[in-house]
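Student: Make a model of this:
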Amino acid sequence: MRIARPRWAAVFWSLILGWSMSVVFAIDPIELADPVLQERYRSLTHELRCMQCQNQSIADSPVGLAGDLRREVRELLEAGKTDAEIRDHLSARYGDFILFRPRWSWRTAWLWLTPALLLAIGLFVAVRIVRQRAAMVDQAEDNDIEGVGR
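Tutor: Presented below is the predicted three-dimensional model:
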C-alpha cells in the first residue's frame, strides 16, 4: 500500500528550492586582487540601492542593472576613486535614491527628523495616558473613602 503525500508538500519544496536558487544567483562573484579594494567594493555594493528592485542592494540583486552598477563600482574603484567620489558619481547619475543612507540636506531632512518626531509624539501620548490613569485611580480611591464614611 502506498502512502499518498499531500500536494502542498510538493508546492512547499518547489517554493523553497526556487527561493534558494534565486539567492544563489544573486551572489556577486567579483573578486578583486587587492583585499582592501575588495572590502571597499563589498561595502559600497551593500550601501547602494538597486534602481530596479528598490528594496535590495546592488550586491544582493540578481537583475542586469545591478550587475552593471556593480561593474561600474568595480571600475571606479580600480580607477582610484574614493568611496565618496563613487557615491557622488552614482548619486549625480541616479539621484539620492540610490543611497540606502541618504545624505543630510533640507530635501532629505524629513527622512532624518520623522523618526525622532514620531518618538517624541509617542512619549508625549504615553506620559499623558499614564497621568490620566493615575488621576482616575486617585479619584476612584477618594470616592471609595468618602462612600465608606457614610
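
Student: hey, let's count contacts and neighbours off CA atoms from now on
Tutor: OK.

Student: Spell out, range by range, the helices that occur in this structure.
Tutor: Counting by DSSP state H, residue ranges of the helices within the chain are 7-25, 35-47, 64-78, 83-94, 109-149.

Student: Just send the ones you listed back as JSON lines, with mean pLDDT and mean neighbour count too.
Tutor: JSON lines is the format used below for the helices of the chain (pLDDT from 0 to 100; neighbours: other CA atoms under 10 Å):
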{"stretch": "helix 7-25", "mean pLDDT": "61", "mean neighbour count": "11"}
{"stretch": "helix 35-47", "mean pLDDT": "89", "mean neighbour count": "17"}
{"stretch": "helix 64-78", "mean pLDDT": "90", "mean neighbour count": "17"}
{"stretch": "helix 83-94", "mean pLDDT": "91", "mean neighbour count": "14"}
{"stretch": "helix 109-149", "mean pLDDT": "87", "mean neighbour count": "11"}
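
Student: Out of those helices, which gets nearest to Q56?
Tutor: Closest of these to Q56 is helix 35-47, at 8.6 Å (criterion: CA to CA).

Student: So what touches that closest one?
Tutor: Contact partners of helix 35-47, identified using CA atoms under 8 Å, 6 or more residues apart in numbering, comprise 31-32, 57-60, 70, 73-74, 77-78, 83, 99-101.
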